[in-house]
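Q: Please work out how this folds:
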Amino acid sequence: MKKNFAQLSSACFIGVAALALAACGGQNAGSSDGGSGLSGEVTTDGSSTVAPLTEAAADMYREVEPGVNVSVSTSGTGGGFKSFCAGETDISNASRPISKEEIADCESNGVEYTEIVAANDGLSVIVNPENDWATNLTVEQLQKIWAPESEGKITNWNQVDPSFPDEELTLFGAGTDSGTFDYFTEAINGEEGAIRTDYSPSEDDNITIQGVSGAKGAVGFLGLSYVEENEGAIKATSVDDVTPSTETVQDGSYTPLGRELFIYVNNSSYSEDEAAKSFVDFYVENSTDVADRALFVPLTEDQVTTAQDELASLG
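A: Sure thing, here's the model as predicted:
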């Protein structure tokens, strides 16, 4: 049974998680016999955080179905939903659940969709490798760094904590079209979009990495996979004495920055386009392998069990 925008609740984790890992297509990652002769285009857009996950799925799928081209664009979660709700893409990559406004946009354009949690993530606070003082930051200290009222006032690390050195504070992070921006601002500052504006924003996490790696006093925020992929260039701090990792994200101890990552599937694409259906089935069936390849936190066993029934209902 297909689900539409009116039936899905982003706030309900079980309902969201339910589509994430399932044995649906009968395909196995890494087993390729030249494919079934299937061909076509599958278009995806959205979060730069989720992009490496979908790219990993596309690379693995290409080994099974080389005739299908899966494109992955990165206009940010918000930008991805704009295209998706206009019916321009088959899949929207999102680092946060769809908003009420975006639901209304999809509804007004007649776009029905299914929300699928694809992996878990620990949104990470990163610093320069030469930073030997901010190994553990509290949520209160992060608020002091990033709050709107700190703009132009908190400009040095010793203002964050008197024990920190006299070092200029330079800030890098996600731009306003990013789901990472939405999630971080709500989790740390208590309101989505609430943040000081005197930082360097970008929807491209690689720009954040370049900025933080280039200044001793720099700090930023992005997804855990980028930390693991750029070891040596940046490092993650603990938050309230908990380090972001597979274990702490899955067991819920990495709060408030543990989160789910999603793909949104256009129901018409899934039901009418064999290539889109085949790719989504493969993506979901092989979610654990995809997450491992892309250095993301895979879903828990409970999520997997729930997901197997839910994806079956999509077909």
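Q: distance of the residue positioned nearest the centre of the chain from Ala118?
A: The chain has Ser95 as the residue nearest its centroid, 3.3 Å off, counting by C-alpha atoms, centre = their mean. Look at Ser95 and Ala118: by C-beta to C-beta, to the nearest Å, they are 10 Å apart. For glycine as for every other residue, the C-beta is placed from the backbone atoms N, C-alpha and C.
Q: Now do the shared contacts for these two.
A: 50, 261-262 (C-beta atoms under 8 Å, 6 or more residues apart in numbering).
Q: Distance to Gly87 added to these, as TSV?
A: Listed next are the shared contacts of Ser95 and Ala118 as TSV, based on distance: C-beta to C-beta, whole Å:
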residue	distance to Gly87
Val50	20
Leu261	23
Phe262	19
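Q: Report the buried members of those.
A: 50, 261-262 (16 or more other C-beta atoms under 10 Å).
Q: Val117 pairs with what?
A: Phe262 (DSSP bridges).
Q: The residue nearest to the centre of the chain contacts Thr77, correct?
A: Yes - between Ser95 and Thr77 there is a contact at 5.4 Å, judged by C-beta atoms under 8 Å.
Q: Overlap of the contact sets of these two?
A: Joint contacts of Ser95 and Thr77 (C-beta under 8 Å, 6+ apart) are 47, 50, 178-180.
Q: From the chain's centroid, how far away is stretch 52-70?
A: 18 Å (C-alpha atoms, centre = their mean, to the nearest Å).
Q: What of stretch 248-263?
A: Centre to centre, stretch against its chain (C-alpha atoms, centre = their mean), the figure for stretch 248-263 is 11 Å.
Q: Do a quick rundown of the strands in the protein.
A: With DSSP state E, the ranges of strands along the chain come out as 40-46, 68-72, 91-94, 113-122, 124-127, 136-137, 170-174, 200-202, 218-222, 235-236, 238-239, 258-266.
Q: Would you tell me which of those strands gets closest to Glu107?
A: strand 113-122 (10.1 Å; C-beta to C-beta).
Q: tell me the angle of the closest one relative to strand 258-266?
A: 160 degrees (axes from the mean of the first three to the mean of the last three C-alpha atoms, to 10 degrees).
Q: and strand 113-122, what's its mean pLDDT?
A: For strand 113-122, the mean pLDDT works out to 90.
Q: ok, now stretch 153-163?
A: 98.
Q: end-to-end on it?
A: 18 Å (C-alpha to C-alpha, to the nearest Å).
Q: in that stretch, what counts as buried?
A: 154, 157, 160.
Q: go on, stretch 171-179?
A: In stretch 171-179, counting by 16+ other C-beta under 10 Å, buried: 171-175, 177-179.
Q: just stretch 68-85 next, same as before
A: Buried positions in stretch 68-85, judged by neighbour count with 16+ other C-beta under 10 Å: 68, 70, 72, 74-85.
Q: Nearest to Ser200 among those residues?
A: Looking across these and measuring by C-beta to C-beta, the closest to Ser200 is Gly76, at 15.5 Å.
Q: What pLDDT is listed against Gly37?
A: On the pLDDT scale, Gly37 gets 86.
Q: what's the burial count for the closest residue to it other than its chain neighbours?
A: Closest residue to Gly37 apart from its sequence neighbours, by C-beta to C-beta, 6 or more residues apart in numbering: Gly67 at 6.6 Å. As a burial measure, Gly67 scores 13 neighbours (other C-beta atoms under 10 Å).
Q: ditto for Lys100
A: Lys100, neighbours per other C-beta under 10 Å, totals 8.
Q: now swap in Glu301 and tell me
A: Neighbour count for Glu301, taken as other C-beta under 10 Å: 10.
Q: pLDDT on stretch 81-90, on average?
A: On average, stretch 81-90 scores 98.
Q: do stretch 57-66 as well
A: 97.
Q: Grab the nearest non-local neighbour of Glu274.
A: That would be Leu38: by C-beta to C-beta, 6+ apart, it lies 6.3 Å from Glu274.
Q: That neighbour against Ala276, yeah?
A: No - here Leu38 does not reach Ala276: they are 10.7 Å apart, not a contact under C-beta under 8 Å.
Q: neighbour count winner among the two?
A: It is Ala276, of Leu38 and Ala276, that has more neighbours when counted by other C-beta under 10 Å, with 24 against 15.
Q: ok, now which ones touch the nearest residue to that one once chain neighbours are set aside?
A: Leaving aside its sequence neighbours, Ala276 sits nearest to Ser269 (C-beta to C-beta, 6+ apart; 4.2 Å). Each residue near Ser269 by C-beta under 8 Å, 6+ apart is listed here: 42, 90-91, 276-277.
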